[in-house]
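Student: just to be clear, the model below is a prediction. Sequence and coordinates:
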Amino acid sequence: MKKALSLAALVLLTGCISTPESVNFEGETVGTYSVAASCKTMMLDTDCSEFSGATKDISIDNVVLRVASGNNGQVIFIMPESILSTNEPALKKGAGAIEQLLTSKGISIVNKKVMFGAGEVYGVHFTLDGEGYSLLNSFSN
C-alpha cells in the first residue's frame, strides 16, 4: 500500500511538471511521454497496468526489466525493475540488448520514445516494423 501511495503521489506531482517534446537518450534525440501517460496513450494492451506500467518481468543481458506490449507485438515498452524509481543505466543497457536482439532477427525500430519526468527517464518505448514482443518471452523470469 505504501508503494501504491508513493507512486500515485509521483504521478500527481509530475503531472504538474511539463514534459519536453524531446530529450537526448543514448546520443540520439527521441520523443517523450509524460510519466502520467497511460497504457492506452502508449498503445499498450498486453502486460500493462494503468497504475504501475509494464508488468512482465524479464532478464536480458543481466538486466532485470519490466515489459509491456501493444499492436500485436509491434509496440514494446520497457521499465526498470522497481516501480518506485528509475534506473537509467539499466534502461540503457536493457534497451541496447533489446535493440540488438530485434535487429538480429530482422526487426527494425521505426520509432523510439522515452517516458520522461523531473529530468529522468522512467521507460523506453519502441515502435517496430514487425512483431517483436514474442522474442522477449524467452527472457521472462
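Tutor: On my side now, so go ahead. Numbers count the residues shown, from 1 in each chain.
Student: how far away from the center of its chain is stretch 131-141?
Tutor: 14 Å (CA atoms, centre = their mean, to the nearest Å).
Student: end to end, how far does that stretch reach?
Tutor: Taking CA to CA, to the nearest Å, stretch 131-141 runs 21 Å from one end to the other.
Student: for it, buried residues please.
Tutor: Across stretch 131-141, burial judged by 16 or more other CB atoms under 10 Å covers 132-133, 135-136, 139. (Glycine included, C-beta is placed from N, CA and C.)
Student: in a markdown table, list those residues along with secondary structure, distance to G73 and pLDDT.
Tutor: Shown next, in a markdown table, are the buried residues of stretch 131-141 (DSSP: H, G, I helix; E, B strand; the rest coil; distance: CB to CB, whole Å; pLDDT from 0 to 100):
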| residue | secondary structure | distance to G73 | pLDDT |
| --- | --- | --- | --- |
| G132 | coil | 6 | 96 |
| Y133 | helix | 4 | 97 |
| L135 | helix | 9 | 96 |
| L136 | helix | 9 | 94 |
| F139 | helix | 14 | 94 |
